[in-house]
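Chemist: kindly return the folded structure for what I paste below:
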Amino acid sequence: QVQLVESGGGLVQPGGSLRLSCVASGFTFDYYAFGWFRQAPGKEREGVSLISATGGSTNYRDAVKGRFTISRDKAKNTVYLQMNNLMPEDTAIYYCAAGRIATWTQARYNYWGQGTQVTVSS
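Modeler: Residues are numbered from 1 along each chain as shown. Modelled structure (predicted):
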C-alpha cells in the first residue's frame with residue numbers, strides 16, 4: 001500500500017523554524033522525485049520545492065529561496081523540508097508528493113500525502 005505521511009508542522013512565531021518530514025512506503029523510493037506543495041486558505045495549491053530522484057537537483061519557488069531547504073534520505077525513505085525564517089505568508093497546509101520527474105505540474109505526481117498544517121503567527 002502506497003503511503004506518504006507528512007509530519008513536523010505546527011505553530012511557530014515569525015522568524016522561527018520547522019522541519020517537515022515525508023515518509024514514503026509502498027513504492028521504490030529511489031525511483032521517484034518529490035515535491036513539496038502548499039495551500040493557504042482561499043488560495044490554490046502551489047509548488048514550494050522539488051527534488052530529483054537522485055537528490056542531485058533541487059528547485060524552489062522564489063518566495064522561499066534562501067529560507068527553505070529540501071533534502072532526501074534514502075536509508076529512511078524520507079524527504080525533508082527545512083524551513084527557516086518563517087513568515088506569516090508561509091502559513092498553509094504543506095503536502096508531499098511523489099512522481100517520476102520533479103516538476104511544478106501537480107498532475108504529474110502519482111502519490112500525495114494528507115498534508116501537515118504550518119501556522120506562522122505571533
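Chemist: what residues are up against the residue positioned nearest the centre of the chain?
Modeler: Ranked by distance to the mean C-alpha position of the chain (Cα atoms, centre = their mean), the top residue is residue 36 at 2.6 Å. Counting by Cβ atoms under 8 Å, 6 or more residues apart in numbering, residue 36 touches 20, 22, 47-50, 70, 79, 81, 94-97. Every residue, glycine included, has its C-beta placed from N, CA and C.
Chemist: among those, which are located in strands?
Modeler: The strands in this structure, assigned by DSSP state E, contain 20, 22, 47-50, 70, 79, 81, 94-97 from those.
Chemist: could you pull out the strands for the chain?
Modeler: 3-7, 10-12, 18-25, 33-39, 46-51, 58-60, 68-73, 78-83, 92-99, 111-112, 116-120.
Chemist: mind checking how far the fifth one is from the chain centre?
Modeler: This means strand 46-51. Here strand 46-51 is found 6 Å from its chain centre; the criterion is Cα atoms, centre = their mean, to the nearest Å.
Chemist: what of the first one?
Modeler: Here the centre of strand 3-7 is set off from its chain's centre by 10 Å, with Cα atoms, centre = their mean.
Chemist: repeat that for the third one.
Modeler: Relative to the chain's own centre, strand 18-25 is displaced by 8 Å; criterion: Cα atoms, centre = their mean.
Chemist: now do the buried residues in it.
Modeler: Applying a neighbour-count criterion of 16 or more other Cβ atoms under 10 Å, one finds 18, 20-24 buried in strand 18-25.
Chemist: turn those into a markdown table, columns for distance to residue 62 and pLDDT.
Modeler: Shown next, in a markdown table, are these (distance: Cβ to Cβ, whole Å; pLDDT from 0 to 100):
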| residue | distance to residue 62 | pLDDT |
| --- | --- | --- |
| 18 | 20 | 98 |
| 20 | 19 | 98 |
| 21 | 24 | 98 |
| 22 | 22 | 98 |
| 23 | 28 | 98 |
| 24 | 27 | 98 |
